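A.B. asks: my questions are about this predicted structure, shown below with the sequence.
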Amino acid sequence: MRKLALALSFVATTALAQQAVQLPTVKAVTTPAADTFRFVSDGPIGPGWTRPDEIARHYFHDDLSALFERTITLQDDIPARTKLQWIFTGPHAGFTVELSSTKVRVVERYYDSMGLYTSGNYPEKIIRDEERQFIGTPRTLTLIADSHLALRILVNGIELLDEPLLFDVTRHQLMYSAPRTEHDIVEGILLQPQIKSATITINPSETHQTMLGFGGSPSIPAYMQLSEEGKREYWALLKRYNLLLSREYPMGSELKPDLSNLDKLSDATPHYYGDNFPNGEMSNFDYSKHILSLGGDVIYEMWSLPPWATEPYKPVKIAAKPEEYARIVVTYCKLAKEKTGAAPIIVGIQNEVEQPPEIFDKMVLALRRELDKAGFTQTKIHMADASYMFYGVQRANELRKDPAVWRAVDYTAVHEYDFQEFISNPELYDDRLAAMHAASAGKDFLATEICFNDPHLQEPSYRIALAAAELYHKNLTQLDAVAIMYCWLLLDIEEPTFGGSRSLMVPDRTHGNLPAASSFELRVLGAYSRHIHKGMKRVGTTSTDPDLLTSAYADATNSTVVILNRSATARSLSIPGNTPWTEVERTSFSEANEVAQTRGELVVQPGEIVVLSTMKIQPIVP
């Protein structure tokens, strides 16, 4: 029955999609023109080295932001045998919107690899080709590349197509195709993008969480791939980006009972990602010592336990031996203090491994008892990490059933890979965030692992990175997260999409094994991390525009406000008060945490993140 219902639904939806839309008439446009265009079908061919007998194209010279809205208006009808093509191009891919007298069509294509070649003079693969018919006279064509990772196409103000758009485009042009034997004229204007006004109010008396910091997990084998100069630059980048929480992935299944190979590189438990070389789990006390010297902290959490630390357990196959587990962690803390001068500030129970609730309870109690017995009373405990938010809610609720166990847990924590299900509609994730906030019951929350591992989202675009930024904002303002950590800080890869979505940096073998940003994810996380320092409290903010995502932070001497514009149009900001902002930092497709002048009108472009701060931070580019 369910299959039949789905089939009928599909037929109905398909039939509806084939119905032609009646276009409304439109009033005269009063918006100023940014550019004009004019095509004459029997006019001269394009000058210079061109395609045979092609009508000259019109090239617009406004660079596009990651999110944008553009509209052209037409003074003339589109003749029945012709078409107007609005062509958008970017570094990896592009799309074309084709308007004729009866339909609008969109074609998305990739062109960044010879592996996409099929025919013609250059490689290209079409990944999407959709169209919608209409009745009436098209006079306006509007394209909106929005924060929902979509491309919306409107004719005469009516939305006709709504298609996924994951990649970035930066430039656009018009092409008119028509019989050269006819005298057809099509002309119009490109409208000036509008700027709207908004007000942001900061309320310093409304205080929330105290920040612990930002960071992620280093792959020690990847770090070892860096040259000596590369290692120096890596530490400089971590300092500049304030990514000083090192979430260690320690030795797991290969660990020996005497823990003698905790930091032995050849024994690192491998991670196999595609055809990349393995990135392994292991400790490195020299690395941790360097983090501490920069003012950072170490968070230690085991993943897979060695076989000798597990035992058969019903109804599951195996479970942890809580006492052996506690011995491993406490021994590590002793070695860390001896070799680096400090034990980790936090230890997690276990990463992404499912244990029966009663085993997790025993692991928490055994660890707290043994840490205290060994003198590590200041080392905190966070709950076992789950891969998804809804699993984290379940784990926290289970821990709360035993008051003694719950008292022994200092932080709730979870990975957020289920956000990928909602990436095109982030507000739908809010219910899970609210459930986790309730389950935390007043304990501080750690966002311990964020990245995109869905193969459909492994596109190294700024648009994808901006979706991560919205998740950072939600963590900070809805979950009161005290720490945000990306999955990998550094990953050794050959296949670039793995690095682009899973790691902030990769060793660049084309430049002497120096660390390089793998995508836009580093700059976007940096928009938050660089000016939000350990010890700052989040304070209240309100915005008159729901598409301006704002959060503010302050300590005894400094203040910072982060503003993300997720709309497709620019915003001119007013911020009441007399805060002496000394630094304005901009992050976008074209700006990597660049410091701008503080004077004059403050405008936030579509998809841009602007940071206002009273502290001056070392610039990314010297």
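C.D. replies: Sure thing, it's come through. Fair warning: this is a prediction, and the values are worked out from it, not measured in the lab.

A.B. asks: show me where this protein has helices.
C.D. replies: Assigned by DSSP state H, the helices in the chain fall at 2-18, 220-225, 228-240, 285-293, 322-340, 357-373, 389-399, 403-408, 430-440, 462-478, 496-502, 521-529.

A.B. asks: out of the ones you listed, deepest packed?
C.D. replies: Mean neighbour counts were taken over the helices of the chain using mean count of other CB atoms under 10 Å, and the top value, a mean of 26, falls to helix 521-529. From N, CA and C alone the C-beta is placed, and that goes for glycine too.

A.B. asks: now the angle between helix 462-478 and that helix, please.
C.D. replies: 30 degrees (axes from the mean of the first three to the mean of the last three CA atoms, to 10 degrees).

A.B. asks: just list what helix 521-529 packs against, helices and strands only.
C.D. replies: With contacts defined as 3 or more CB pairs under 8 Å, 6 or more residues apart in numbering; DSSP states H and E, the packing partners of helix 521-529 are strand 213-218, helix 462-478, strand 481-490, strand 503-508, strand 559-565, strand 583-587, strand 609-613.

A.B. asks: how far off centre is the second one?
C.D. replies: Per CA atoms, centre = their mean, to the nearest Å, the displacement of helix 462-478 from the mean C-alpha position of its chain is 6 Å.

A.B. asks: tell me the pLDDT of residue 496.
C.D. replies: We note a pLDDT of 87 for residue 496 in this prediction.

A.B. asks: before we move on, back to that, do you know which of the helices of the chain lies nearest residue 163?
C.D. replies: For the helices of the chain, distance to residue 163 was read as CB to CB. The smallest value, 12.5 Å, belongs to helix 2-18.

A.B. asks: and the helices of the chain as a markdown table, adding distance to residue 419?
C.D. replies: Shown next, in a markdown table, are the helices of the chain (distance: least, CB to CB, whole Å):
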| stretch | distance to residue 419 |
| --- | --- |
| helix 2-18 | 27 |
| helix 220-225 | 25 |
| helix 228-240 | 25 |
| helix 285-293 | 27 |
| helix 322-340 | 29 |
| helix 357-373 | 24 |
| helix 389-399 | 7 |
| helix 403-408 | 26 |
| helix 430-440 | 9 |
| helix 462-478 | 6 |
| helix 496-502 | 13 |
| helix 521-529 | 14 |
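
A.B. asks: neighbours of the closest residue to residue 274 other than its chain neighbours, how many?
C.D. replies: Of all residues not flanking residue 274 in the chain, residue 495 sits nearest, at 5.1 Å (CB to CB, 6 or more residues apart in numbering). By the measure other CB atoms under 10 Å, the count of residues near residue 495 is 12.

A.B. asks: was I right to think residue 495 contacts residue 276?
C.D. replies: Yes: taking CB atoms under 8 Å as the definition, residue 495 is a contact partner of residue 276 at 5.7 Å.

A.B. asks: before we move on, the earlier item: who's in contact with the residue nearest to residue 274?
C.D. replies: 273, 274, 275, 276 (CB atoms under 8 Å, 6 or more residues apart in numbering).

A.B. asks: what's the most distant pair in the residues you listed?
C.D. replies: Greatest spacing in these, by CB to CB: 273 and 275 (8.4 Å).

A.B. asks: who has more neighbours out of the two?
C.D. replies: Neighbour totals were compared for residue 273 and residue 275, and residue 273 leads with 20 against 9 (other CB under 10 Å).

A.B. asks: which non-adjacent residue is nearest the spatially most distant residue from the centre of the chain?
C.D. replies: Centroid-distance maximum for the chain: residue 181 at 51.0 Å, with CA atoms, centre = their mean. Excluding the flanking residues, the one nearest residue 181 by CB to CB, 6+ apart is residue 42, at 6.9 Å.

A.B. asks: what is the burial count for that neighbour?
C.D. replies: Per other CB under 10 Å, the neighbour tally for residue 42 reads 13.

A.B. asks: what's the span of stretch 257-272 from first residue to last?
C.D. replies: Using CA to CA, to the nearest Å, one end of stretch 257-272 lies 25 Å from the other.

A.B. asks: how about it: buried residues?
C.D. replies: Buried residues in stretch 257-272, counting neighbours by 16 or more other CB atoms under 10 Å, are found at 259, 261, 262, 263, 267, 268, 269, 271.

A.B. asks: so for those residues, which is the shakiest by pLDDT?
C.D. replies: In this model, the minimum pLDDT among the buried residues of stretch 257-272 belongs to residue 271 (78).

A.B. asks: could you double-check that the residue nearest to residue 181 lies in contact with residue 82?
C.D. replies: No: Residue 42 is beyond contact range of residue 82, at 11.9 Å (criterion: CB under 8 Å).

A.B. asks: residue 57 is in contact with residue 45, correct?
C.D. replies: No: Residue 45 is not in contact with residue 57 according to CB under 8 Å; the separation is 10.9 Å.

A.B. asks: okay, the two: which has more neighbours?
C.D. replies: Neighbour count, other CB under 10 Å: between residue 45 and residue 57, residue 57 has more, with 16 against 13.

A.B. asks: residues touching the more buried one, list them.
C.D. replies: Listed by CB under 8 Å, 6+ apart, the contact set of residue 57 reads 46, 173, 174, 175.

A.B. asks: and the pLDDT at it?
C.D. replies: Looking at residue 57, its pLDDT reads 92.

A.B. asks: tell me how far it lies from residue 309.
C.D. replies: Look at residue 57 and residue 309: by CB to CB, to the nearest Å, they are 67 Å apart.

A.B. asks: against residue 428, how distant is the nearest residue to residue 204 once chain neighbours are set aside?
C.D. replies: Distance criterion CB to CB, 6+ apart; nearest residue to residue 204, sequence neighbours excluded, is residue 539 at 5.1 Å. Note on residue 539: its distance to residue 428, by CB to CB, is 28 Å.

A.B. asks: which residue of these two possesses the greater neighbour count?
C.D. replies: Higher neighbour count among residue 539 and residue 428: residue 539, with 19 against 12, using other CB under 10 Å.

A.B. asks: pretty sure that one sits against residue 206.
C.D. replies: Yes: counting by CB under 8 Å, residue 539 touches residue 206, with 5.8 Å between them.

A.B. asks: circling back to that earlier point, how about the residue nearest to residue 181, what does it touch?
C.D. replies: Residue 42 sits next to 180, 181, 182, 183, 184 when contact means CB under 8 Å, 6+ apart.
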